[in-house]
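Q: heads up, no residue letters with this:
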């Protein structure tokens, strides 16, 4: 191999190595930024069997409740409104207390719920993350001791809606 060819091969190898180093450095930087600066904080989710931390609520006086953790900006909540109307009617007939908890102002929450025809017994304005409700919509069946007995998260499928109605009756 001539000196010129040797220099050409060396130059190509050097360029390839430099490109490899740059690609590796960019990948490492991307992983570092993603893991250290863009990491989403973990939100603790309430679990069945835990006490529900809604302040100023006398669970024993109401015999527990069905809590709707919803938001005016949640399209799944709006899509679930027909089921929630049915659920509130069922709760009223069975003397089960209903509470809607929303992060929006009380006035905005009342307007939203009224517009959707979801006429709960009580409306509370509260940051959902402080109640460990990680997503909306969330339904919680709370007993007279303030303990979460059942929980359903997200827009429910018809079989899940039947499960809620069945457990409400028990």
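A: Received it, and whenever you're ready, just let me know what you need. Given the structure is predicted, the values throughout are model-derived calculations rather than measurements.
Q: So for the protein, the centremost residue is which one?
A: Central residue of the chain (Cα atoms, centre = their mean): residue 135, 1.0 Å from the mean position.
Q: Confirm that that one lies within a helix, as I assumed.
A: No. The assignment for residue 135, made by DSSP: H, G, I helix; E, B strand; the rest coil, is coil rather than a helix.
Q: and it, how far is that from residue 3?
A: Noted for residue 135: a distance of 68 Å to residue 3, by Cβ to Cβ, to the nearest Å. In short, each C-beta sits where N, CA and C put it, glycine included.
Q: Show the end-to-end separation of stretch 114-126, please.
A: End-to-end distance for stretch 114-126: 18 Å, by Cα to Cα, to the nearest Å.
Q: element containing the spatially closest residue to residue 154 that is not a sequence neighbour, please.
A: Excluding the flanking residues, the one nearest residue 154 by Cβ to Cβ, 6 or more residues apart in numbering is residue 76, at 6.3 Å. Here residue 76, judged by DSSP states H and E, is contained in helix 75-79.
Q: follow-up on the earlier one: give the contact list for the residue nearest to the centre of the chain.
A: Residue 135 sits next to 45, 153-154 when contact means Cβ atoms under 8 Å, 6 or more residues apart in numbering.
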